[in-house]
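Asker: quick one: sequence and predicted model below, then my questions.
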Amino acid sequence: MNLKTLKSIIANKRDNSEFAIITNLSTGEVDLFEKKIELNKKFEKYSKQIKDFFEKKKNGIIDNSDLFIETFKQPTKVIIVGAVHIAQYLIDYIKNFNFKIYIIDPRGYFASEKRFSNIDVINKWPDEAFSEIKTDKATALIALTHDPKIDDPAIKHALNNNFYYIGALGSNKTHSDRCNRLREAGYNDKQISLIHGPIGIKLGGKSAPEIALSVISQLVLITNNR
Amino acid sequence: MTTPFDEKILEEAYNWVDTNQKVVLATVVHTWGSSPRKIGSKMIVNEKGDFSGSVSGGCVESAVIGECIELIKNNKSFKKLEFKVSNEKAWDVGLACGGEISIFLEQIKT
């Protein structure tokens, strides 16, 4: 592989685009395949198989050929509401997974870029922030402020858009109050039961890194079982 | 799909090349039976034998490093390696899990 190809692969990764690398194992030639760009003519014979690998996000050698296909999937969006202490540990763990993180916190003193380098920190109220981020059922929400003014609008947005994971920090009491507020706002019990609250799997820890570990464990579990 | 752990190796490969190291990228391209790392798993090796990443659970890495150093020495651009249980090398490097893997080595050309 030449350095130019390696650079393009890294650039594609940084742009979070969906692409594949096609390596000819008998010549060492490497080509990039992107959805938007037409497949190089030399691969015409295998276009069906290449597209199949690409759609299924599979890696492997195409049968009866020397072509190795490697696919790169777009990261899953994870939105963290609350640029709190736990969030700092969370992003430490999360960076090892295929997640793209956004942090929302209207409180400027919390959400400073200094505390969260290399992360998109949106210093706005959730309703405003969500108008800037495209979200859908493949998005996850981690609400960490346990302040209804900030968490509730984010949770409502997540419920309305069928996020695959919604977790909210807070004690059993905080969570039951939250559920009551959501019920009053017109959400039904089935919807409310989709919220993981208190957030995380029980590890028994109380410190910020321990809570972050319990949250990331739950997020990975739900993501893998999706 | 290639995992983010392996994607990071590509950036590391670039940084190594950028600091004037000769770099070989090793990628798992095929597996049979049980093997510790999935297809797409990566490792990089420089001319001194420094390495990062993994292509197995430590079973074949030492052999792969040796092959990568050879590739750099002979100024070859690529090579395909196969590790099978029946392979005579299995005694040195064998896959304890009983699996078989194919690994593609390619030198990053500047």
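Answerer: Great, that's in hand.
Asker: for chain B, what spans make up the strands?
Answerer: Ranges of strands within chain B are B:23-32, B:42-46, B:51-53, B:78-83, B:100-107, based on DSSP state E.
Asker: packing partners for the second one?
Answerer: Using 3 or more CB pairs under 8 Å, 6 or more residues apart in numbering or on different chains; DSSP states H and E as the contact definition, the elements that strand B:42-46 packs against are helix B:4-18, strand B:23-32, strand B:51-53, helix B:61-73. Just so you know, the C-beta spots here come from the backbone N, C-alpha and C atoms, and that holds for glycine as well.
Asker: next one: the longest one
Answerer: Contacts of strand B:23-32 with other secondary structure elements, assessed using 3+ CB pairs under 8 Å, 6+ apart, are made with strand A:60-61, strand A:67-72, helix B:4-18, strand B:42-46, helix B:61-73, strand B:100-107.
Asker: so what strands line up beside the first one?
Answerer: According to DSSP bridges, strand A:60-61 has the following sheet partners: strand A:67-72 (antiparallel).
Asker: after the strand it pairs with, which helix or strand is next?
Answerer: Counting by DSSP states H and E, the next helix or strand C-terminal to strand A:67-72 is strand A:76-81.
Asker: show residues contacting whichever helix or strand comes after that next one.
Answerer: With elements assigned by DSSP H and E, the helix or strand that comes after strand A:76-81 is helix A:85-94. If you take CB atoms under 8 Å, 6 or more residues apart in numbering or on different chains as the criterion, helix A:85-94 is touched by A:78, A:80, A:101, A:103, A:115-116, A:119, A:142, A:144, A:169, A:208-209, A:211-213, A:215-216, A:219.
Asker: buried residues in helix A:85-94, which are they?
Answerer: Buried residues in helix A:85-94, defined by neighbour count with 16 or more other CB atoms under 10 Å in any protein chain shown: A:H85, A:I86, A:A87, A:Q88, A:Y89, A:L90, A:I91, A:Y93, A:I94.
Asker: please, a PyMOL command that selects the buried ones among the contacts of helix A:85-94?
Answerer: Buried members of the contacts of helix A:85-94, defined by 16+ other CB under 10 Å, are picked up in PyMOL with:
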select buried, chain A and resi 78+80+101+103+115+116+119+142+144+169+211+212+213+215+216+219
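Asker: just the contacts of helix A:85-94: which are in helices?
Answerer: A:A208, A:P209, A:I211, A:A212, A:L213, A:V215, A:I216, A:L219 (DSSP state H).
Asker: next one: stretch A:49-61 to chain centre, how far?
Answerer: 22 Å (CA atoms, centre = their mean, to the nearest Å).
Asker: apologies, that question was intended for stretch A:201-219.
Answerer: Counting by CA atoms, centre = their mean, stretch A:201-219 comes out at 18 Å from the chain centroid.
Asker: and if you look at stretch A:175-185?
Answerer: The answer for stretch A:175-185 is 26 Å, by CA atoms, centre = their mean.
Asker: neighbouring contacts of it?
Answerer: Applying CB under 8 Å, 6+ apart, the set of residues contacting stretch A:175-185 is A:148, A:151-152, A:155-156, A:159, A:168, A:170, A:189, A:191-192, A:195, A:197-198.
Asker: now do that stretch, average pLDDT.
Answerer: Average pLDDT, stretch A:175-185: 97.
Asker: could you list the low-pLDDT ranges of chain A?
Answerer: A:113 (pLDDT under 70).
Asker: and A:F19, which of the helices and strands packed on strand B:23-32 is closest to it?
Answerer: strand A:67-72 (5.6 Å; CB to CB).
Asker: out of everything not next to it in sequence, what's closest to A:D127?
Answerer: Spatially, and ignoring its direct neighbours in sequence, A:D127 is nearest to A:P153 (5.2 Å; CB to CB, 6 or more residues apart in numbering or on different chains).
Asker: pretty sure the one you found sits against A:W125.
Answerer: Yes - at 7.0 Å, A:P153 counts as touching A:W125 under the criterion of CB atoms under 8 Å.
Asker: neighbour-wise, which of the two wins?
Answerer: The neighbour count for A:P153 versus A:W125, taken as other CB atoms under 10 Å in any protein chain shown, is higher for A:P153 (19 against 15).
Asker: what helix or strand is the more buried one located in?
Answerer: helix A:148-160.
Asker: who are the packing partners of that helix?
Answerer: Checking 3+ CB pairs under 8 Å, 6+ apart, helix A:148-160 ends up next to strand A:76-81, helix A:126-130, strand A:139-143, strand A:165-168, helix A:172-184.
Asker: between helix A:172-184 and it, find me the angle.
Answerer: 60 degrees (axes from the mean of the first three to the mean of the last three CA atoms, to 10 degrees).
Asker: how big is the angle separating helix A:148-160 from strand A:139-143?
Answerer: 160 degrees.
Asker: what's the offset of helix A:148-160 from the middle of its chain?
Answerer: 18 Å.
Asker: and the residue of chain A found nearest chain B, how many residues sit next to it?
Answerer: Residue nearest to chain B within chain A (CB to the nearest CB): A:G28, separated by 3.7 Å. Other residues lying near A:G28 total 19 when counted by other CB under 10 Å.
Asker: go on, B:E82?
Answerer: Neighbours around B:E82, by other CB under 10 Å: 13.
Asker: right, and it touches B:F104 too?
Answerer: No - between B:E82 and B:F104 there is no contact under CB under 8 Å: 10.3 Å.
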